[in-house]
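K.L.:
Have a look at this prediction, sequence included:
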Amino acid sequence: MAETRDANKLNGIEACRGVAATVVVLYHAARHLDHAYGVPSLMSVFQFGHAGVDLFFVISGFIILYVHYEDVGCPERLGRYVRRRVTRILPTYWVALALTIILGLAGHQPLPQVFQVILSAILLPSHNEPLLGVAWTLQYEIVFYAVFCLLVFSRRAGLVVLPLWLAWIMLANVTGDDGGGIPPSLYKMYNIEFYFGMGVAYSLRKYTVPSPRIALFTGIALFGMAALAENVKFIDGYAAISRIIYGFPSALIILGAAESDRQKLITVPKVLKILGAASYSIYLFQFIFIGITWKIWLFTGLDKNLPSFASFPLLATAGVAGGVAMSRMVEYPLMGFVRNLRERRC
């Protein structure tokens, strides 16, 4: 979910990222109020929102192969690939992690142990939950980036390892194997969504897709059907099979959006471009701004005079708007500074 800013100017992909980040915030805001008050009506509407992560993972698989397609089999480009991935993810994440720890201490939470901070900071596969809760997805991203490194270093090695990894993922989830103590980010079904994304990227690199808007609207319809099925408890949206139930429609959405954009068949509203550009910060900082807004809501006493769900629009708006602000004030300036610092040293 932390990708290049423009994905080669495919604004349709940017829009998808913005939508994915927003539905995740809606889900977390609804879950927060359900935990605080017991508001099942909100969760019955926004329960599916966690599937924004599925869309994010498919987008990530798409962008990495689409943007770095020419790097495959070029080991001299490996250093640049790694630097761009590291500078894209870690600096902004470290700011979000630091703020999370500071606000936790301000809220009288215990000081985390040093090893917890280190494990959270480096994002390596682990059974320990990161101090910044949403960062579990970044552990999956790091694994995927590492596997893709092999493809950059050696096309042959990558084309051997990628099918083997896919086979392991499928086998582990079909048999119900818990990995034998192996961290879940190495073998859980979320990883299959990177393959969906790479499949879309390869298709668009090789072919022109006819009637892409049909693919786009079909994907949206299938994703909506899956969301409705989860909301009415017909499917378990957290089950392994749901990574396919949500992942395949996400792939159709990305295929249709990207190709429609390339053929200039769609116009992306400015608000979705803004949300897409800020999607990483929206995702990382959402809990911080939801939490701050919640504290203000309680401090003012509005919770005593208004219905339990009345704060939902404020919490959701704060999560999104706060992320947009942090993307402009922290994410892109910090990423630019880090990248320019290295260039000056070279």
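P.N.:
Ah, there it is.
K.L.:
all contacts plus neighbour counts: C-alpha atoms, from now on.
P.N.:
Noted.
K.L.:
Now Ala36: which helix or strand?
P.N.:
For Ala36, the host element (DSSP states H and E) is helix 11-37.
K.L.:
continuing past that helix, what's the next helix or strand?
P.N.:
Of the helices and strands lying after helix 11-37 in sequence (DSSP H and E), the nearest is helix 40-46.
K.L.:
List the buried residues of that following helix.
P.N.:
Within helix 40-46, the residues that count as buried by 16 or more other C-alpha atoms under 10 Å are 42-43, 45-46.
K.L.:
swap in stretch 199-215?
P.N.:
Neighbour counts using 16+ other C-alpha under 10 Å place 199-201, 204, 209, 212-213, 215 of stretch 199-215 among the buried residues.
K.L.:
Sitting in helices, which of those do you find?
P.N.:
Judged by DSSP state H, the buried residues of stretch 199-215 include 199-201, 204, 212-213, 215 as members of helices.
K.L.:
so how far is Glu230 from Gly276?
P.N.:
25 Å (C-alpha to C-alpha, to the nearest Å).
K.L.:
More neighbours: which of those two?
P.N.:
Each of Gly276 and Glu230 has its neighbours counted (other C-alpha atoms under 10 Å); Gly276 has more, 27 against 20.
K.L.:
That one is in what secondary structure piece?
P.N.:
Assessed by DSSP H and E, Gly276 sits inside helix 270-277.
K.L.:
same for that helix, what does it pack against?
P.N.:
With contacts defined as 3 or more C-alpha pairs under 8 Å, 6 or more residues apart in numbering; DSSP states H and E, the packing partners of helix 270-277 are helix 11-37.
K.L.:
Remind me what the helix it packs on packs against, helices and strands.
P.N.:
Using 3+ C-alpha pairs under 8 Å, 6+ apart: helix 11-37 touches helix 40-46, helix 52-67, helix 242-262, helix 270-277, helix 279-300, helix 312-326.
K.L.:
Any idea which of those gets closest to Val114?
P.N.:
Closest of the helices and strands packed on helix 11-37 to Val114 is helix 279-300, at 21.4 Å (criterion: C-alpha to C-alpha).
K.L.:
Just the C-alpha atoms of the closest one, please, in CSV.
P.N.:
Taking C-alpha atoms only, helix 279-300 is exported to CSV below (Å, rounded to 0.1, in the frame of the first residue of the first chain):
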residue,chain,number,x,y,z
SER,A,279,-3.6,6.8,0.9
TYR,A,280,-0.4,5.6,2.7
SER,A,281,-0.6,8.4,5.3
ILE,A,282,-4.3,7.9,5.7
TYR,A,283,-3.7,4.3,6.4
LEU,A,284,-0.8,4.8,8.8
PHE,A,285,-2.1,7.8,10.8
GLN,A,286,-5.9,6.9,10.9
PHE,A,287,-5.8,5.6,14.5
ILE,A,288,-3.9,8.6,15.7
PHE,A,289,-6.5,11.1,14.4
ILE,A,290,-9.5,8.9,15.3
GLY,A,291,-8.1,8.6,18.8
ILE,A,292,-7.5,12.3,19.2
THR,A,293,-10.9,13.2,17.9
TRP,A,294,-12.5,10.7,20.2
LYS,A,295,-10.7,12.2,23.2
ILE,A,296,-12.0,15.7,22.2
TRP,A,297,-15.5,14.3,21.8
LEU,A,298,-15.5,12.8,25.3
PHE,A,299,-13.9,16.0,26.8
THR,A,300,-16.6,18.2,25.4
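K.L.:
Run through the neighbouring helices and strands of it.
P.N.:
Short answer (3+ C-alpha pairs under 8 Å, 6+ apart): helix 279-300 packs on helix 11-37, helix 78-106, helix 312-326.
K.L.:
Now distance to Glu259 and mean pLDDT too, for those helices, in a markdown table please.
P.N.:
What follows is the helices and strands packed on helix 279-300, written out as a markdown table (distance: least, C-alpha to C-alpha, whole Å; pLDDT from 0 to 100):
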| stretch | distance to Glu259 | mean pLDDT |
| --- | --- | --- |
| helix 11-37 | 9 | 96 |
| helix 78-106 | 25 | 96 |
| helix 312-326 | 27 | 97 |
